[in-house]
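K.L.:
What follows is a predicted structure for the sequence shown.
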2 protein chains.
Amino acid sequence: MLPTLTFIGHLETPYKTLNDCPNNIQHDGPTCEVVLDSNCAAGLSGLKHGQNVLLLYWFEGVDRSLLLQRPGNKPDKDPVGVFSLRSPHRPNPIAASVVQIQAINGDRVAVQGLDCLDGTKLIDIKPA
Amino acid sequence: MLPTLTFIGHLETPYKTLNDCPNNIQHDGPTCEVVLDSNCAAGLSGLKHGQNVLLLYWFEGVDRSLLLQRPGNKPDKDPVGVFSLRSPHRPNPIAASVVQIQAINGDRVAVQGLDCLDGTKLIDIKPA
């Protein structure tokens, strides 16, 4: 049986289409919010303002079979292995980004400069 | 429908029981191997000796419901939220560790000082 994930919340960003999303985390980017589902919010206790955390989140609608890809999808580049790239198209489409906590209010954690679509599903938060 | 993961390989370490495993990555620890399944090995192309990579791997046999836990499982500590800890007991038991590539031979990548059981299932490799 394949292992399953359970979503623990979602990310709120200014980006409504993939073309809007920056390619990477922008540490001077706009404020975004990590919103925990109500049944998971208790797990935030102990996190602190200013702390760096690793967020894991889920890329929807990608191709999970592309083992070789052109970097940045540029036609002049030779294809390389997916594990040498941070492309969202990968066997397990999990994004991993380190961000600093700006504020914590109940079930919401403010961070800066996420790179993903508004509404992206959250998988985990860990101290970085 | 819950999202599912597909394992892409496994990790070979000297540790046969949880008591043997170190608490964290040891950069001066023993040589370990990241072994890709044959249908995923093509995805390694482009990775290089000396490069730092983020490994994602799966903790088996954990309790996914523990939102509050004592740090280090020590009875004298007050419980805190799971997302402020790197405990393997978490809603999505995915480990994330950065290691340096020592060598690449076919479908095997040598790295140093992994912290997990021999045979642990691999989920992803990304440039760190």
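P.N.:
Right, received. Where do you want to start?
K.L.:
ok, residue A:88 touching residue A:63?
P.N.:
No. Using C-beta atoms under 8 Å, residue A:88 is not in contact with residue A:63; the gap is 9.1 Å. Yep, even glycine has a C-beta here, placed from its N, CA and C like the rest.
K.L.:
Who has more neighbours out of those two?
P.N.:
residue A:88 (18 against 11; other C-beta atoms under 10 Å in any protein chain shown).
K.L.:
Can you name the residues that contact that one?
P.N.:
A:59, A:62, A:95 (C-beta atoms under 8 Å, 6 or more residues apart in numbering or on different chains).
K.L.:
That one: what secondary structure?
P.N.:
The three-state assignment at residue A:88 reads coil, by DSSP: H, G, I helix; E, B strand; the rest coil.
K.L.:
now do residue A:15
P.N.:
Residue A:15 - assigned by three-state DSSP - is coil.
K.L.:
distance of it from residue A:115?
P.N.:
Counting by C-beta to C-beta, to the nearest Å, the gap from residue A:15 to residue A:115 is 8 Å.
K.L.:
anything in contact with each of those two?
P.N.:
What both residue A:15 and residue A:115 touch, as defined by C-beta under 8 Å, 6+ apart, is the set residue A:21.
K.L.:
quick one, which of the two is more surrounded?
P.N.:
Each of residue A:15 and residue A:115 has its neighbours counted (other C-beta under 10 Å); residue A:115 has more, 22 against 19.
K.L.:
so who does that one touch?
P.N.:
So residue A:115 contacts A:21-26, A:95, A:97 (C-beta under 8 Å, 6+ apart).
K.L.:
Tell me the residues of chain A that contact chain B?
P.N.:
Applying C-beta under 8 Å from any C-beta of the partner chain, we find that chain A lies next to chain B at A:2-8, A:40, A:42-47, A:53-54, A:56, A:58, A:64, A:67-68, A:80-86, A:90-92, A:94, A:96, A:121, A:123-127.
K.L.:
let's see it at 7 Å
P.N.:
When proximity is defined as C-beta under 7 Å from any C-beta of the partner chain, chain A approaches chain B at A:2-6, A:8, A:40, A:42-47, A:54, A:56, A:58, A:67-68, A:80-84, A:86, A:90-92, A:94, A:96, A:123-127.
K.L.:
Quick check: the residue of chain A most remote from its centre vs residue A:70, distance?
P.N.:
Distance from the C-alpha centroid of chain A peaks at residue A:76, with 28.0 Å (C-alpha atoms, centre = their mean). Distance from residue A:76 to residue A:70, counting by C-beta to C-beta: 8 Å.
K.L.:
Equivalent analysis for residue A:61, please.
P.N.:
For residue A:61, the distance to residue A:70 - C-beta to C-beta - is 19 Å.
K.L.:
And for residue A:5?
P.N.:
28 Å.
K.L.:
These two: which is more packed in?
P.N.:
Higher neighbour count among residue A:5 and residue A:70: residue A:5, with 20 against 14, using other C-beta under 10 Å.
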